[in-house]
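Participant: this is a predicted model, with the sequence first.
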Amino acid sequence: MSDLGPVADFTNIIEGSKYPTSNLFVPMVAKMIVKLDPATILKRPWDGAICTTSPSTELYAAHVNLHNEMKERMVTNLKATVKAKFIISAMLDPRFKAWKFKGHGLFCDKDRAERYFQEEYSTNWAPVLAAAAAAPKTPSVIGTRVVQGKRSNAEAFLLDSDSESEQGDVAESINSSVQPMLEVQGLDVGDEMSLYLLEKECKMSYVGADGKRHQFDLLEWWKTHESKYPSLARMARQYLAMPATSAGVERLFSKAGRQFDDCSKNKGEEMLQHSLMAATNYVIPDCKYPPIKGGQK
């Protein structure tokens, strides 16, 4: 039983500090809980094959307890205000705004997610118009695109496939097997939020003009679309800057403690700041050693 695999993947991705994480919380928690559900088919972590033997009573009980505890802590007991912020953050990611990721119903349905999003935008971020006329209700066209290649950690976690062999390179297919779908939203189309929801959702990755597979960059997407959605871009800047966990801050405090240890008590404030900046941003380059010649050790 691969109980700890989804938990480890979730922890490693959601604690990241070099990319937005608040938008990943809802879809990743939902997928993790679905994966941990004892009613789902269990796969062996090393080859993805379905387990043919029944788990022991103790192991099955531990699996059930882990699933129930995760669901209780991450969904049931999560404060309503915090849950709403994470839902809005997910809606600000064009990959998840269609609310079709696996396990989305654990938090709320699509209508409620859009209602959270609409209320927050209308209350705090929408531009004030002198005369705003209600536009007719229009169905939104949500398209899909399928691109292939090596998946990122977050992409592999969120997509349904759990087999490593299914995450390799296959032929590209754009709008061939998956047709655009119509979903009636019942939203006004005269404001940025409605236009944003009507726009086609993005995929976890795409094939660029160079023919190579590129991972979706959320910050770059909002930078590119800031002129089209200026008010939503300000809203995204606020919500996507919110970390999903405090792990990044705790790591920073740990590094500061190591920089100001017993051997560095005389280090001034400015020197401590420079040392911490260097320790946080320095990347160790890949060292390539020459091959060892025959007879040498």
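Facilitator: Now that the structure is in, tell me what you want to look at. Keep in mind it's a predicted model, so treat the numbers as computed, not measured. Numbers count the residues shown, from 1 in each chain.

Participant: ok now do Glu120, which residues does it touch?
Facilitator: Residues counted as contacts of Glu120 (CB atoms under 8 Å, 6 or more residues apart in numbering) are 84, 88, 235. C-beta: built from backbone N, CA, C; applies to glycine.

Participant: could the residues you listed go into TSV alongside distance to Asn266?
Facilitator: TSV is the format used below for the contacts of Glu120 (distance: CB to CB, whole Å):
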residue	distance to Asn266
Ala84	48
Ile88	47
Met235	46
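
Participant: need the buried ones from those selected in ChimeraX.
Facilitator: Selection of buried members from the contacts of Glu120 for ChimeraX, criterion 16 or more other CB atoms under 10 Å:
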select :84,88,235
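
Participant: in strands, which of the contacts of Glu120 fall?
Facilitator: Taking DSSP state E, every one of these sits outside strands.

Participant: hey, where'd the helices end up in the stretch 101-250 of the chain?
Facilitator: Remark: helices assigned in the stretch 101-250 of the chain by DSSP state H, counting those that start in this stretch are 110-120, 153-158, 192-198, 218-224, 230-240, 247-259.

Participant: mind putting the ones you listed in JSON lines, mean pLDDT included?
Facilitator: Listed next are the helices of the stretch 101-250 of the chain as JSON lines, based on pLDDT from 0 to 100:
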{"stretch": "helix 110-120", "mean pLDDT": "93"}
{"stretch": "helix 153-158", "mean pLDDT": "64"}
{"stretch": "helix 192-198", "mean pLDDT": "91"}
{"stretch": "helix 218-224", "mean pLDDT": "94"}
{"stretch": "helix 230-240", "mean pLDDT": "94"}
{"stretch": "helix 247-259", "mean pLDDT": "80"}
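
Participant: can I get the ones you listed in CSV including distance to Gly103?
Facilitator: Below are those laid out as CSV (distance: least, CB to CB, whole Å):
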stretch, distance to Gly103
helix 110-120, 13
helix 153-158, 10
helix 192-198, 21
helix 218-224, 21
helix 230-240, 21
helix 247-259, 23
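
Participant: from Pro243, how far out is the residue nearest to Lys110 when sequence neighbours are not counted?
Facilitator: Leaving aside its sequence neighbours, Lys110 sits nearest to Trp99 (CB to CB, 6 or more residues apart in numbering; 4.0 Å). The spacing between Trp99 and Pro243, counted by CB to CB, to the nearest Å, is 23 Å.

Participant: having no further points to raise, I will conclude here.
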